[in-house]
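**Q** Below is the sequence, then the predicted model.
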Amino acid sequence: MAEKFDSLEEHLEKFVENIRQLGIIVSDFPPSSQTGLNQKLNFMVTGLQDIDKCRQQLHDISVPLEVFEYIDQGRNPQLYTKECLERALAKNEQVKGKIDTMKKFKSLLIQELTKVFPEDMAKYKAIRGEDPPP
């Protein structure tokens, strides 16, 4: 899989370099450099075709739109992954806290119900397969 990304990266780097060179040619365009301009334009077309071939190899890869927003904002796209992991960990801690609270509540509820309804709670525990406390 890494070879596919390396190939795409190589084609993109070549394409960017051709665009840079095309910009240099166009910025100071004498008529004598028409052949060089035509050659660079042909390289651009070939480069776009090469990139399109890479796209076909990577059709099963999906990138979240937020990553592109990070890039548009000039932020490192790896920060997206880091922040997603941090949010997931925070949410995990939050859910774990809720689960622990619910377990404590259940335990306290069973204790209090056992005080008020000892016979019914004994039946409940027998149905659940729990041993009644000594």
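**A** Arrived safely. Since this is a predicted model, take the numbers as computed values, not measurements.
**Q** just the helices in this structure please.
**A** Per DSSP state H, the chain carries helices over the ranges 2-27, 34-57, 65-72, 78-116, 118-128.
**Q** Please convert those helices to TSV, extending it with mean neighbour count and mean pLDDT.
**A** Yep, even glycine has a C-beta here, placed from its N, CA and C like the rest. As requested, the helices of the chain are arranged in TSV below (neighbours: other CB atoms under 10 Å; pLDDT from 0 to 100):
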stretch	mean neighbour count	mean pLDDT
helix 2-27	13	87
helix 34-57	13	87
helix 65-72	12	91
helix 78-116	11	95
helix 118-128	12	91
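**Q** tell me the domain ranges of the protein?
**A** Following the TED database, one gets these domains for the chain: 1-61, 63-133.
**Q** who's in contact with stretch 63-79?
**A** Tyr80 (CB atoms under 8 Å, 6 or more residues apart in numbering).
**Q** what about it, start to end distance?
**A** Chord length of stretch 63-79, first to last residue, is 14 Å (CA to CA, to the nearest Å).
**Q** Just give me how far it sits from the chain centre.
**A** 10 Å (CA atoms, centre = their mean, to the nearest Å).
**Q** cool, and stretch 102-113?
**A** 40 Å.
**Q** May I have that stretch as CSV, with CA atoms only?
**A** What follows is stretch 102-113 as a C-alpha-only set of coordinates in CSV (Å, rounded to 0.1, in the frame of the first residue of the first chain):
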residue,chain,number,x,y,z
MET,A,102,-24.4,3.5,37.2
LYS,A,103,-22.8,0.4,38.8
LYS,A,104,-22.6,2.2,42.2
PHE,A,105,-26.2,3.4,41.8
LYS,A,106,-27.3,-0.2,41.1
SER,A,107,-25.5,-1.5,44.1
LEU,A,108,-26.9,1.1,46.4
LEU,A,109,-30.4,0.6,44.9
ILE,A,110,-30.2,-3.2,45.5
GLN,A,111,-29.0,-2.6,49.1
GLU,A,112,-31.9,-0.2,49.8
LEU,A,113,-34.5,-2.4,48.1
